[in-house]
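Asker: Could you work out the structure for the sequence below:
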Amino acid sequence: MLYKTRAIVLYSLDYSDAYSIIHTYTEEFGPVSYLTARAKGKKTRIPKSVFYPLSVLELEVDHQNLREIHRLKEAKVHIPFLSLLNNPVKSIISIFLAEFIGKVIRESNPNKLLFDYILQSLQVFNLLEKDYANFHLVFIMRISQFLGFSPDSTGYEKGMFFDMQNGIFVGRKPQHVHFLDAEESNAFFNILRMNYNNMAAFKLSRHERKDIIYRILEYYRLHLTNFPDIKSLEILHEVFG
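Answerer: The predicted structure is shown next:
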């Protein structure tokens, strides 16, 4: 049966000489993989150029609930995120975020609030011309709100420890190893204070940004079973940490 849905592209893989598989996060169905014919020339109905990481498309799809891979009939750009495609730094951030989204979203059902959060975040990111070095930190931290394990920063005071296992700040060292010391906890608290409006005010060194993203991913690893390594992370660090 044919349906229409908006979709955020995560990545694509060559399936054969004739077909590619496009992995997406869709508004109507959640995470879905689509089979599409590979571009053969200017007259192809779906040019490969629209499938860059985090592009937002309008799709017409043949969706069958029992299939693992569905067939893509038509695709066109819904919102043209030209800066994500043309800015080399933003392109690398986009690759990282697309990989991250694909690995943290485990539910097969649609989540309208999560889709809207990602879409609105990308609209903000596309418009930023400068001061976006902390964007990916805000994005990956705040997406935990939609996954059910957002850290609780209520009552934080300097000198507290962040209990990563329970997602709270505490006054004494926990009786397990999954916690941040006082200095790391203060840095983590500052990340929780960030949003897209104020993130430019938080000045982080390359070392600090690199350390905090490892801590955020460690937090995810504690709360998501079999959370894998993010392969594009090292490329991201090469850009600005």
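Asker: Can you verify my assumption that K90 contacts K130?
Answerer: No. Using C-beta atoms under 8 Å, K90 is not in contact with K130; the gap is 11.3 Å. Glycine gets a C-beta too; all of them are placed from N, C-alpha and C.
Asker: So these two - more neighbours on which side?
Answerer: Neighbour totals were compared for K90 and K130, and K90 leads with 21 against 6 (other C-beta atoms under 10 Å).
Asker: quick one, phi psi at the residue nearest to the more buried one when sequence neighbours are not counted?
Answerer: Spatial nearest neighbour of K90, chain neighbours left out: L84 (5.1 Å); criterion: C-beta to C-beta, 6 or more residues apart in numbering. Dihedral angles of L84 (phi, psi; degrees, to the nearest 10) stand at phi -70, psi -30.
Asker: which residues touch L84?
Answerer: Applying C-beta atoms under 8 Å, 6 or more residues apart in numbering to L84 gives the contacts 52-55, 90-91, 94, 122, 125-126.
Asker: and of those residues, the nearest to V77?
Answerer: S55 (6.8 Å; C-beta to C-beta).
Asker: Which residue, neighbours along the chain excluded, lies closest to that closest one?
Answerer: Once flanking residues are discounted, S55 sits nearest to V9: 4.7 Å by C-beta to C-beta, 6+ apart.
Asker: which strands and helices sit next to the strand ranked longest in the chain?
Answerer: Longest strand of the chain, by residue count under DSSP state E: strand 2-14. Here strand 2-14 touches strand 19-26, strand 56-62, helix 88-104, helix 112-127, going by 3 or more C-beta pairs under 8 Å, 6 or more residues apart in numbering; DSSP states H and E.
Asker: Contacts for whichever helix or strand comes after the last one next, please.
Answerer: So that's helix 112-127. Heading C-terminal from helix 112-127, the first helix or strand you meet, by DSSP states H and E, is helix 135-142. Contact with helix 135-142 is made by 93, 96-97, 100, 117, 121, 124-125, 128, 150-151, 191-192, 194-196, 199, 209, 212-213, 216-217, 220, 236, as judged by C-beta under 8 Å, 6+ apart.
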